[in-house]
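Trainee: following is a predicted model, sequence given first.
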Amino acid sequence: MSQDRIAAHFQSSLGGLTKAAQDRNLLALTQIIAKATADAIRSGKKLLLIGNGGSAADAQHIAAEIVGRYKQERAAWPAIALTTDTSALTAIANDYGFEQIFARQLQGLGQRGDVLFALTTSGRSPNILAALKIARELGITTIGFTGTKGESLRASCDHLFVSPSDDTPVIQQIHMVAMHAICDEVENTLIGGKPKA
């Protein structure tokens, strides 16, 4: 890969993040998502996260930030990435089909008042759509994270974060920045204080 291609990748990422940082509606939505997450944790509920591929890794990453810590020393909070239990994933896929891998776990683990982060860059992943349907039935707050081609996901979500890009890596990078910002806001909302040095 030439240096020009590498530089172009950095510029593409920077362009997407700049658009997101300048979008007042997107920033306000991120604040709303952070508040919903903080309210759920304060009420003794949990954050559940789902995604495929790179988005599965992002879901696992954010679950770790909530259970462990983001920047501040504090008690552990409940968060589960439904992407990590290989026995559950393979058993459900084998017995019910791949489209049910998250929905089935939600039926067993989800409770009214929980919050679900559903990550799909396309907005069309069948297993994400099936999970959102079940989440709605269970009274779980549904938060979608997608890209500009995923607007159709809006009908399935209480809140939809749309990264201002149609390039999968850039969409995922913006999602991660947004979710880190949410982690930071949740910590500050629930405990205040200063980051651990």
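Mentor: The structure has been received and is ready for your questions. Residues are numbered from 1 along each chain as shown.

Trainee: name whatever forms a beta bridge with the residue positioned nearest the centre of the chain.
Mentor: In the chain, the centroid-proximal residue (Cα atoms, centre = their mean) is residue 117; its distance is 3.9 Å. Under the criterion DSSP bridges, residue 117 forms beta bridges with residue 49, residue 143.

Trainee: what's near enough to touch residue 61?
Mentor: By Cβ atoms under 8 Å, 6 or more residues apart in numbering, the contact set of residue 61 is residue 176. Quick note: C-beta positions are derived from backbone N, CA and C, even for glycine.

Trainee: what about it, distance to residue 180?
Mentor: 9 Å (Cβ to Cβ, to the nearest Å).

Trainee: now do the same for residue 135: helix, strand or coil?
Mentor: Residue 135 carries the three-state label helix when classified by DSSP: H, G, I helix; E, B strand; the rest coil.

Trainee: residue contacts, it?
Mentor: In this structure, residue 135 makes contact with 106, 110, 116, 118, 142, judged by Cβ under 8 Å, 6+ apart.

Trainee: over to residue 85?
Mentor: Residue 85 neighbours (Cβ under 8 Å, 6+ apart): residue 105.

Trainee: mind redoing it with 10 Å?
Mentor: 91-92, 101, 105 (Cβ atoms under 10 Å, 6 or more residues apart in numbering).

Trainee: top of these by number of neighbours, please.
Mentor: Counting neighbours by other Cβ atoms under 10 Å, the top entry in these is residue 101, with 23 neighbours.
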